[in-house]
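Engineer: My questions are about this predicted structure, shown below with the sequence.
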Amino acid sequence: PTKQEMSGPEMEKNLYHDEEHMASVHLSEENGISIEGVVGDKLRIKPMDGMERSLDGQIPHRLYDINYADNKDNHPDDYAVPNTTDTDITPQSRLLWNTGLRIPVLIHPEVHVVADYDISRALKFDEKKIARYVAILGNSANLRYRSMVQPRVQLVIVGITVTNKPSDEPYMVKVEGYEATKNILYSDTIAAFNNYVMRQSYFDQSDIIFLITGKNMSRWDNQKLYTNTGGFAYCGGACTKWRVGMIEERVGSYYGVFVFAHEIAHSLGCVHDGERANPWPAGHIGSEDCPYDAGYMMTYKFAAPNMYKFSPCCQREVLNIYNRPAYHCLSEKNSVEARIYSSKLPGEVSSRTTYCKLVYKSYSYVEADKKYDMRKCIVKCFIDKKGGNMLIGAVDGVHCDKNKVCVLGNCTHKPSIKKAE
């Protein structure tokens, strides 16, 4: 695999974000204006490579929507407590802190991202493209973490590993007989990935190591294979021997934006809202007093207005974890100065048809209904030639009316996208 340490200034210079509308985009002016990223919770944008340019030479762009399932039973087992009685949970390389109660102004979990072979191949093994993609994910996650007040949290991408060939990922546990659909057993894969990480010294200075996979995360239950889990992390695993997580991503969709932020929060100690405390780590509080139906980030409810925010229970847990000796790494700055930061928006650069095809990839025929009235910011996706269809919310930035675009499900004037600070 190719390991990259990222230059912060280089990655930041073309990144823009709009916190109010949860937008994060990368803007490039090489060979024409090109925009890629997240335009809101469900809207994405990307350049249409290979398409004919407009009369004035501009690159055509495609806006497309993604859809999340609103059902907590559809997302089981996306975190676990490590199977351990070990009290020494901290790698020796991270034991360099004073003790004492601390009320932080800001903590900055340092994340190393491993792009698996399928993700790397989809992005043509281009290190800049992969870095840009990861930067958008990281920035979009940070827009959601801005809802945390005590402590304030800002994720920092400190490195990316590009996987150049399948033999570079020996930790992938494939489902026998399902090779064509790229199913992997995620619980076995994450355990093997964790063992792999512990043997690689270049991960030592990262608080969290996340695997982004283009394969289908799967699990067996009563002899049936389920593929409805999009991410996994060890609860409270940051800074410890279990500081790994993974998400499933469909390149071009930025479908993993929500899951990435959600699973990182598991690593920082948060359980789902409404759930009791875990037996590990010691002193875990839990989130029983925050109802699931309030629809905060640590649910799969996706209910406005809380769907972009972390609940008070999750914030309380992160502060609780932060003040434990094993987690001092969360405010310890890495000695490596090269970092990735992104303010890109995963949504302004893709067509509705592309969006439909990415979301409903299991269907052989998928097309967007281009005649469908977009003023309600709903995309109609045909899933067969007989007119069978699905309706999904439009990604932020899709054109919906004269001089208007969809933003968080509303047809409104396009928001300004500010330069990242």
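Structural biologist: Alright, I've got the coordinates.
Engineer: Which strands and helices lie in contact with the longest helix anywhere in the chain?
Structural biologist: As assigned by DSSP state H, the longest helix anywhere in the chain is helix 127-145. Here helix 127-145 is seen to pack against strand 2-4, helix 8-12, strand 15-18, strand 23-28, strand 34-38, strand 110-115, strand 156-162, helix 256-267 when contacts are counted using 3 or more CB pairs under 8 Å, 6 or more residues apart in numbering; DSSP states H and E. (Each C-beta comes from the backbone N, C-alpha and C, glycine too.)
Engineer: which one of these has the lowest average pLDDT?
Structural biologist: Ranked by mean pLDDT, the helices and strands packed on helix 127-145 bottom out at helix 8-12, with a mean of 49.
Engineer: ok, and for stretch 283-297, which residues are buried?
Structural biologist: Within stretch 283-297, the residues that qualify as buried by neighbour count (16 or more other CB atoms under 10 Å) are 284, 285, 286, 287, 290, 292, 294, 295, 296, 297.
Engineer: What is the neighbour count of residue 232?
Structural biologist: Here the count is done by other CB atoms under 10 Å, and residue 232 has 24 residues near it.
Engineer: Quick check: it touching residue 188?
Structural biologist: No: taking contacts as CB atoms under 8 Å, residue 232 lies outside contact range of residue 188: 11.0 Å.
Engineer: How many neighbouring residues does the closest residue in space to residue 216 that isn't next to it in sequence have?
Structural biologist: Nearest residue to residue 216 in three dimensions, chain neighbours excluded: residue 183, at 4.6 Å (CB to CB, 6 or more residues apart in numbering). Residue 183 is surrounded by 20 other residues when neighbours are defined as other CB under 10 Å.
Engineer: Can you name the residues that contact residue 183?
Structural biologist: Listed by CB atoms under 8 Å, 6 or more residues apart in numbering, the contact set of residue 183 reads 174, 175, 215, 216, 218, 225, 227.
Engineer: quick one: least confident of those?
Structural biologist: At the low end of pLDDT for those is residue 227, which has 89.
Engineer: Report the separation between it and residue 370.
Structural biologist: Per CB to CB, to the nearest Å, residue 227 is found 30 Å from residue 370.
Engineer: Mind checking which of these two has more residues around it?
Structural biologist: residue 227 (17 against 10).
Engineer: Relative to residue 253, how far out is the more buried one?
Structural biologist: As judged by CB to CB, residue 227 and residue 253 stand 16 Å apart.
Engineer: Just give me the residue right at the centre of the chain.
Structural biologist: residue 260 (2.7 Å; CA atoms, centre = their mean).
Engineer: now that residue: how far from residue 254?
Structural biologist: To residue 254, residue 260 is 9 Å away according to CB to CB.
Engineer: who's in contact with the spatially closest residue to residue 249 that is not a sequence neighbour?
Structural biologist: For residue 249, the nearest residue in space outside its immediate sequence neighbours is residue 256; the separation is 3.9 Å by CB to CB, 6+ apart. Residue 256 makes contact with 137, 212, 230, 231, 247, 248, 249, 250 under the criterion CB under 8 Å, 6+ apart.
Engineer: give me that answer again for 7 Å
Structural biologist: With CB atoms under 7 Å, 6 or more residues apart in numbering as the criterion, the residues that contact residue 256 are 137, 212, 247, 248, 249.
Engineer: Kindly reformat the residues you listed as JSON lines containing distance to residue 318 and neighbour count.
Structural biologist: Compiled in JSON lines, these are given as follows (distance: CB to CB, whole Å; neighbours: other CB atoms under 10 Å):
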{"residue": "137", "distance to residue 318": "20", "neighbour count": "29"}
{"residue": "212", "distance to residue 318": "23", "neighbour count": "26"}
{"residue": "247", "distance to residue 318": "19", "neighbour count": "28"}
{"residue": "248", "distance to residue 318": "24", "neighbour count": "25"}
{"residue": "249", "distance to residue 318": "24", "neighbour count": "27"}
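Engineer: hang on, the earlier thing: list the buried residues in the longest helix of the chain.
Structural biologist: 129-145.
Engineer: Please work out which residues outside the helix or strand just after it touch it.
Structural biologist: Counting by DSSP states H and E, the element after helix 127-145 in chain order, helix or strand, is strand 152-153. By CB under 7 Å, 6+ apart, the residues outside strand 152-153 that reach it are 105, 106, 107, 145, 318.
Engineer: Show me what strand 152-153 pairs with in its sheet, parallel or antiparallel.
Structural biologist: Under the criterion DSSP bridges, strand 152-153 sits next to strand 106-107 (parallel) in its sheet.
Engineer: from the contacts of residue 256, which ones fall inside strands?
Structural biologist: Those of the contacts of residue 256 mapping onto strands are 212, 247, 248, per DSSP state E.
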